[in-house]
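1. Let me see the structure of the following:
(chains A and B)
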Amino acid sequence: GAVVSQHPSWVICKSGTSVKIECRSLDFQATTMFWYRQFPKQSLMLMATSNEGSKATYEQGVEKDKFLINHASLTLSTLTVTSAHPEDSSFYICSAHGQGGFRLFFGSGTQLSVL
Amino acid sequence: DAKTTQPPSMDCAEGRAANLPCNHSTISGNEYVYWYRQIHSQGPQYIIHGLKNNETNEMASLIITEDRKSSTLILPHATLRDTAVYYCIVRDNSGGGADGLTFGKGTHLIIQP
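-> Numbering: from 1, shown residues only, chains lettered A, B, ... in the order given. Predicted coordinates:
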């Protein structure tokens, strides 16, 4: 199956700093990628849809200026958490559809801890 | 996409078949049933999907009722590594991949040794 690689797997940062998370489709091209957030003991919540070559579409309640998404190529999307605060501490997961759009493949996730 | 209802948790003995139910009574004719699972601190993993026929692959079997209002995921010989949260998701594939998946709370399956 298709492989989605996410990096880093975990990151600890100070409050007020910015953190970038990368999501790569290794063996297929992904015109669309999705970013999810998951708090402890909760389900995954879709944050935004990342479209190659155009602006991302954000879900209601997600601040686009805080969670910057860049999808500059067909195999790479990045999520930057700007001016991170402790309440941004969460598990962030990216995903992309394989060919045909019938299956969604997920990265291994990034655990962000903001001190 | 239609909503799904799953039991919050289930136990199953190692080596036995694990049967995970899912209700999707408002499913429409062009919506597929998908199953994913998430092992702790990992990204979700695709298991299987189907439209109306029963499906089987190397991981599991999917049984969809004739009226399509419910389905059951079957793990034929559960192992300790199958302990995870299992998500049943209904999705219209006509968008061609433009839409993400909406996750409910899933079923936390615990395999007992």
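
2. Residue A:2: what secondary structure?
-> Under DSSP: H, G, I helix; E, B strand; the rest coil, residue A:2 falls in the coil class.

3. what about the residue nearest to it when sequence neighbours are not counted, how many neighbours?
-> Nearest non-adjacent residue to residue A:2, counting by C-beta to C-beta, 6 or more residues apart in numbering or on different chains: residue A:98, 4.2 Å away. Glycine gets a C-beta too; all of them are placed from N, C-alpha and C. Burial measure for residue A:98: 19 neighbouring residues, criterion other C-beta atoms under 10 Å in any protein chain shown.

4. same deal with residue A:40?
-> Taking other C-beta under 10 Å as the criterion, the count of residues near residue A:40 is 7.

5. Reduced to three states, what does it come out as?
-> Residue A:40 carries the three-state label coil when classified by three-state DSSP.

6. residues in chain B within reach of chain A, list them.
-> Residues of chain B that fall close to chain A, judged by C-beta under 8 Å from any C-beta of the partner chain: B:32, B:36, B:38, B:41-46, B:49, B:87, B:93, B:95-106.

7. For residue 105, grab the count of nearby residues.
-> In the absence of a named chain, chain A is used. Taking other C-beta under 10 Å as the definition, residue A:105 ends up with a neighbour count of 21.

8. think we crossed wires, I meant chain B
-> 15.

9. residue contacts, the spatially closest residue to it that is not a sequence neighbour?
-> With C-beta to C-beta, 6+ apart as the measure, residue A:43 is the residue that lies nearest to residue B:105, at 5.3 Å, once sequence neighbours are left out. Neighbour list for residue A:43: B:87, B:103, B:104, B:105, B:106 [criterion: C-beta atoms under 8 Å, 6 or more residues apart in numbering or on different chains].
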